[in-house]
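>>> The sequence and its predicted three-dimensional model are supplied below.
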Amino acid sequence: MEKISGTVRSINVAPRVGVRKDPLERGRLIAQFGLEGDAHAGDWHRQVSLLAEESIEKIRQKGLSVVAGDFAENITTSGLDLPALPVGTKLQVGNEAILEVTQIGKVCHTRCHIFYAVGDCVMPREGIFARILVGGDVRVGDDVGVLTADL
């Protein structure tokens, strides 16, 4: 069976919700909590969010200059079709951390600045959310491997 994997392109945190996240070179994923230092971490099903660089590129093609973290995602990836991963998929991020996909997309109750600028935002359709089963350090350049999935 072919290994399905991608790469961590950015790790992003913010001290409060509703704002873009700032990039880090490395972060710590804490089991049953989320990304250390991020306002979305906690005891719930959306402990971390992931968005693919390929999704961000779709908004760039509409003329908006956006970068990793602008969509408030915690982990930006490349090379992995995130929205195609079913809920329940387990991902290994870096050497230690294991995440379980809990939600694909989200309802945006208020439109973000990206939506107002180009009339679209990919996070509600293509962003995914996960809980941390096993914690560990994560760095830009680490592998993101699919451990289980019904693809």
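Perfect, thanks for sending it. Numbering: from 1, shown residues only.

>>> If you average pLDDT per helix and strand, which one of the protein comes out bottom?
helix 113-118 (a mean of 48; mean pLDDT, DSSP states H and E).

>>> What residues of the biggest helix by length in the chain count as buried?
When the chain is parsed with DSSP state H, its longest helix is helix 53-60. By neighbour count on 16 or more other Cβ atoms under 10 Å, the buried set for helix 53-60 is 53, 54, 55, 56, 58, 59. For the C-beta atoms, the positions are set from N, CA and C on the backbone; glycine is no exception.

>>> Let's test this: mean pLDDT of it, rounded?
Average pLDDT, helix 53-60: 87.

>>> now for it, which elements pack on it?
Under the contact definition 3 or more Cβ pairs under 8 Å, 6 or more residues apart in numbering; DSSP states H and E, helix 53-60 sits against strand 75-78.

>>> ok, the residue positioned nearest the centre of the chain to residue 80 distance?
Closest residue to the average C-alpha location of the chain: residue 50 at 0.9 Å, with Cα atoms, centre = their mean. As defined by Cβ to Cβ, to the nearest Å, residue 50 lies at a distance of 9 Å from residue 80.

>>> now swap in residue 89 and tell me
Going from residue 89 to residue 80 by Cβ to Cβ gives 11 Å.

>>> where along the chain do the strands fall?
All strands of the chain, identified by DSSP state E, fall at 5-13, 22-24, 26-30, 34-35, 48-52, 75-78, 90-93, 97-104, 128-134, 136-139, 143-148.

>>> For residue 64, find the nearest of the ones you listed.
With Cβ to Cβ as the measure, strand 48-52 is the member of those nearest residue 64 (14.7 Å).
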